[in-house]
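In: structure of the sequence below:
(one chain, ligands or ions: 1)
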Amino acid sequence: MTVELKEYPDREMLALSLADRIASQLAQHLRGNDSATLCVPGGTSPAPVFETLSGTDIEWDRVTVVLGDERWVDGDHKRSNSRLLRRHLLKDKAAAASYIDLYTGDASPDLAVDGLVQRLAPHLPLTVVLLGMGNDMHTASLFPGADHLQAAMAPDAPPVMAIRAEGAEEPRITLTRPVLSDAINLHVLIMGPEKRDALERAQHMDPLQAPIRAFLDVATVHWAE
Ligand SMILES: O=C(O)[C@H](O)[C@@H](O)[C@H](O)[C@H](O)COP(=O)(O)O
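Out: The predicted model follows:
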């Protein structure tokens, strides 16, 4: 397989260029449609992209933002991906965007799934999806060895599922393979030599062992040292 890989001289260039690309794709979609949906990862890598994106001049009031996955913790918990978004993305110009919070406060993510499937439905297909990747080749909360990985990777998977995995510290809620890979524009953000190495290995692996593999045929991968 050939992966579309964009290499940047440094992380700052990557953040600026990727934020610009995402903003252009959202703006272009808004020229022909009433609304657009941006799906973003949690984790630590995307914060600089979010910072740039939040100051970008697009019609954010017509954009809905959703995470690709959320950790089942309160919104003010330090591991909450929503907390990260509020700090780095949903501010400045992007404060005008609507936000679908995957964390509903229910006792477990399983109880939230049906409601979230309904909330997400009017926003599909996702206009722009940005994915991260862990060194274990998970993306969103599609972890190798996760309890419902096979179901979440299936072509008929519901768009949202609850999932648990050893590599994840807490129960998770995640968007599934079909809804992520059906995005109009799909990007993967990875940084550092270890992730570059993992990406190379993933290309020759089964998606159930290396879930990121399922997206590499259609995504643009953005990398900086
Ligand atoms: O909530 C999460 O854990 C994520 O959404 C996850 O899929 C993340 O993108 C990768 O684990 C990379 O995380 P880092 O950017 O922190 O390496």
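In: which strand runs longest in this protein?
Out: Taking DSSP state E as the criterion, the chain has its longest strand at strand 185-191.
In: can you list the strands that that one pairs with?
Out: Counting by DSSP bridges, the strands paired with strand 185-191 are strand 128-131 (parallel), strand 220-224 (parallel).
In: how about residues contacting the helix or strand that that strand is followed by?
Out: Per DSSP states H and E, the first helix or strand lying C-terminal to strand 185-191 is helix 193-202. Taking contacts as Cβ atoms under 8 Å, 6 or more residues apart in numbering, the residues outside helix 193-202 that touch it are 3, 133, 135-137, 190, 210, 212-213, 216, 221, 223, 225. In this view, the C-beta of every residue, glycine as well, is placed from N, C-alpha and C.
In: what does the longest strand of the chain contact?
Out: Outside strand 185-191, the residues within contact range by Cβ under 8 Å, 6+ apart are 11, 14, 18, 21-22, 25, 41, 45-46, 49, 127-133, 139, 180, 196, 198-199, 212, 215-216, 218-225.
In: stretch 154-172 too?
Out: Taking Cβ under 8 Å, 6+ apart as the rule, stretch 154-172 contacts 69-73, 79, 102, 108-110, 112-113, 116-117, 120-121, 124, 134, 136, 138, 141-149, 151-152, 173-179.
In: drop anything exposed from those.
Out: Taking 16 or more other Cβ atoms under 10 Å as the criterion, what is buried in the contacts of stretch 154-172 is 69-73, 102, 109, 112-113, 116, 120, 134, 136, 138, 141-144, 146, 148-149, 152, 173-179.
In: can you give me the end-to-end span of stretch 208-216?
Out: 14 Å (Cα to Cα, to the nearest Å).
In: buried residues in it, which are they?
Out: Under the neighbour-count criterion of 16+ other Cβ under 10 Å, stretch 208-216 has Ala210, Pro211, Ile212, Arg213, Ala214, Phe215, Leu216 buried.
In: the third one in helix, strand or coil?
Out: Spelled out, that is Ile212. helix (DSSP: H, G, I helix; E, B strand; the rest coil).
In: for it, give me its contacts.
Out: By Cβ under 8 Å, 6+ apart, the contact list for Ile212 reads Leu131, Met133, Met137, His138, Thr139, Val188, Ala198, Leu199, Ala202.
In: counting contacts, what elements does the lengthiest helix in the chain pack onto?
Out: Counting residues, the longest helix found in the chain (DSSP state H) is helix 11-32. Here helix 11-32 touches strand 4-8, strand 36-40, helix 47-54, strand 128-131, strand 185-191, strand 220-224, going by 3 or more Cβ pairs under 8 Å, 6 or more residues apart in numbering; DSSP states H and E.
In: give me the contact list for the first one.
Out: It stands for strand 4-8. By Cβ under 8 Å, 6+ apart, strand 4-8 touches Leu14, Ser17, Ala219, Thr220, Val221, His222, Trp223, Ala224.
In: tabulate these (JSON lines), appending distance to the ligand.
Out: JSON lines is the format used below for the contacts of strand 4-8 (distance: Cβ to the nearest ligand atom, whole Å):
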{"residue": "Leu14", "distance to the ligand": "13"}
{"residue": "Ser17", "distance to the ligand": "18"}
{"residue": "Ala219", "distance to the ligand": "13"}
{"residue": "Thr220", "distance to the ligand": "16"}
{"residue": "Val221", "distance to the ligand": "13"}
{"residue": "His222", "distance to the ligand": "12"}
{"residue": "Trp223", "distance to the ligand": "13"}
{"residue": "Ala224", "distance to the ligand": "13"}
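In: and Asp69, how far from Tyr99?
Out: Asp69 is 15 Å from Tyr99, where distance means Cβ to Cβ, to the nearest Å.
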